[in-house]
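K.L.:
task: produce atomic coordinates for the following.
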Amino acid sequence: MHLEDQRICSHASKSALGLIEIRYEAGLSKNRLPYHSRWHTESVIRRAAMIADAICVDDRSKMLAHVAAAFHDVVHERGAPQGENEWQSVVDFQFWVPSLALIEAKLSDAEQALVKEAILATSVSWSAEHQTIIQPNLMPDSDPVVRAVAMADIGSPGMEPDDFEKGSDLLFAERETDIMLALELSDGQDWVPKPLQNEYIARYVKWKETQLLFAKSRKALFETELGNLADGRNRMRALFSHFDESIDIADNHVLRARTIRFDELAALLMPNKFSAEA
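P.N.:
Coordinates of the predicted model:
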């Protein structure tokens, strides 16, 4: 990768991860996002680079995929309408572009448009047909840069089972804010009434069942999501060869969730407070 492209990648990572840290990792606990943190964005940057290598895009395109992956979740507000967070992330990207002059670099109008398209392609919606989330802005003829970023965003079941496993509980904690608040305020499991404990466990079981369906659906949709990709289809299949591992992980999680005690759930969701070592 050329020196200018390397500088742009470094500048994008530093800027985007800094925004995420300030917005979603610092400050009040109610504003923190356990899943959509620097960890997730760093994972998407890594997976996007792996996909870009697999489909043999040029170095400039690899840089654009890096920038889009870095900025794709700089805005992630709970409860926002579908696509709104991605549009606001595009706005932050556009505000960032002039700062490239500080490192003597620039992006052309066409390159900026491609980054914008890639960020918007990470927007998800629910598919009643497939009973899982899909990315409606990812088209069969989408540019390889767009495909790399979109598939990286929800690619952990196929590419990185360990990330899929870690992300499952983090995303549950991020979605179930009332459970996390109850645990935060609690000085022990007896603080939460037994009926609520049972409700929280039931929601956890349902979530794990949803994650199993998600992993299975990702596998089922993979070939379709390659779209009209001309180069690297077999390399992509090799890269996304871990679906069965993720399905096994999710299946075991469902079995564990169905017998979990509330103190065990508390330790999973808030280990610094409730684990045996805490």
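
K.L.:
who are the neighbours in contact with Ala220?
P.N.:
Residues in contact with Ala220 (CB atoms under 8 Å, 6 or more residues apart in numbering) are His130. For the C-beta atoms, the positions are set from N, CA and C on the backbone; glycine is no exception.

K.L.:
mind checking what secondary structure it has?
P.N.:
helix (DSSP: H, G, I helix; E, B strand; the rest coil).

K.L.:
list the buried residues of stretch 13-25.
P.N.:
Ser13, Ser15, Ala16, Leu17, Leu19, Ile20, Arg23, Tyr24, Glu25 (16 or more other CB atoms under 10 Å).

K.L.:
for stretch 105-113, same thing?
P.N.:
In stretch 105-113, counting by 16+ other CB under 10 Å, buried: Ala105, Leu107, Glu111, Gln112.

K.L.:
would JSON lines of those residues with secondary structure and distance to Ala230 be doable?
P.N.:
Shown next, in JSON lines, are the buried residues of stretch 105-113 (DSSP: H, G, I helix; E, B strand; the rest coil; distance: CB to CB, whole Å):
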{"residue": "Ala105", "secondary structure": "coil", "distance to Ala230": "29"}
{"residue": "Leu107", "secondary structure": "coil", "distance to Ala230": "25"}
{"residue": "Glu111", "secondary structure": "helix", "distance to Ala230": "21"}
{"residue": "Gln112", "secondary structure": "helix", "distance to Ala230": "24"}
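
K.L.:
pick the one among those residues closest to Gly232.
P.N.:
Glu111 (21.4 Å; CB to CB).

K.L.:
if I look at that closest one, how far off is Val57?
P.N.:
To Val57, Glu111 is 13 Å away according to CB to CB, to the nearest Å.

K.L.:
all helices of this structure, in order?
P.N.:
3-24, 38-54, 59-71, 84-96, 109-120, 144-153, 156-159, 161-175, 177-185, 194-225, 233-239, 243-257, 262-269, 271-274 (DSSP state H).

K.L.:
what's the angle between the longest one and helix 243-257?
P.N.:
With axes from the mean of the first three to the mean of the last three CA atoms, to 10 degrees as the criterion, the two stretches helix 194-225 and helix 243-257 enclose an angle of 170 degrees.

K.L.:
so helix 194-225 versus helix 144-153, what angle?
P.N.:
Using the same axes, to 10 degrees: helix 194-225 against helix 144-153 is 150 degrees.

K.L.:
any regions of the stretch 151-278 of the chain where pLDDT drops low?
P.N.:
188-190, 276-278 (pLDDT under 70).

K.L.:
could the helices of the chain go into TSV alongside distance to Arg32?
P.N.:
Shown next, in TSV, are the helices of the chain (distance: least, CB to CB, whole Å):
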stretch	distance to Arg32
helix 3-24	6
helix 38-54	12
helix 59-71	20
helix 84-96	16
helix 109-120	23
helix 144-153	20
helix 156-159	21
helix 161-175	9
helix 177-185	9
helix 194-225	19
helix 233-239	32
helix 243-257	23
helix 262-269	13
helix 271-274	13
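
K.L.:
nearest to Gln135, of the ones you listed?
P.N.:
Using CB to CB, the nearest of the helices of the chain to Gln135 is helix 144-153, at 5.1 Å.

K.L.:
packing partners of the closest one?
P.N.:
For helix 144-153, the elements it packs on are helix 38-54, helix 59-71, helix 109-120, judged by 3 or more CB pairs under 8 Å, 6 or more residues apart in numbering; DSSP states H and E.

K.L.:
that's all I had, so thanks and see you.
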